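Peer 1: give the three-dimensional model of this entry:
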Amino acid sequence: MKTVIPDENSMNEIAGRVYEAIDIQRGIEEGNLKTIDDVLKFVKQSSERLSRVLKCSQWIYNDNCCLDVKKTLENKRNRHRAGSGL
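Peer 2: The predicted model follows:
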């Protein structure tokens with residue numbers, strides 16, 4: 001075993017996992033996720049959205065310096081439409 005000082009990428013990865021866990025926790029506590037199927041659906045949708053964000057060339061952050069997944073994906077769609085003449 002060895003002790004290391006985490007780098008910024010490692011810290012960001014763990015922070016993302018914490019936020020995901022908090023989203024699931026809130027969903028359960030607020031009654032939005034009632035079954036394992038609900039949790040699975042939520043996690044799959046989150047994974048799909050985040051995978052699409054990873055393919056975006058520009059990311060949008062809100063005033064709290066948090067990635068705004070919805071606006072980032074909307075921006076990509078809007079830029080794609082503008083580029084295709086739609």
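Peer 1: and this structure, what are its domain boundaries?
Peer 2: 1-55, 56-86 (automatic domain parsing).
Peer 1: show me which residues of the shortest one are buried.
Peer 2: Residues of domain 56-86 classed as buried by neighbour count (16 or more other C-beta atoms under 10 Å): 60, 68-69, 72-73, 75-76. For the C-beta atoms, the positions are set from N, CA and C on the backbone; glycine is no exception.
Peer 1: circling back: quick one: the domains of the chain as TSV, columns for mean pLDDT too.
Peer 2: As requested, those are exported to TSV (pLDDT from 0 to 100):
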stretch	mean pLDDT
domain 1-55	92
domain 56-86	85
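Peer 1: okay, now Thr35: neighbour count?
Peer 2: A total of 8 residues lie near Thr35 under the criterion other C-beta atoms under 10 Å.
Peer 1: quick one: Leu67 and Trp59 touch, right?
Peer 2: Yes. If you go by C-beta atoms under 8 Å, Leu67 and Trp59 touch, sitting 5.9 Å apart.
Peer 1: mutual contacts of the two, please.
Peer 2: Listed contacts common to Leu67 and Trp59 are Val53; contacts here mean C-beta atoms under 8 Å, 6 or more residues apart in numbering.
Peer 1: please consider this matter closed, and thank you.
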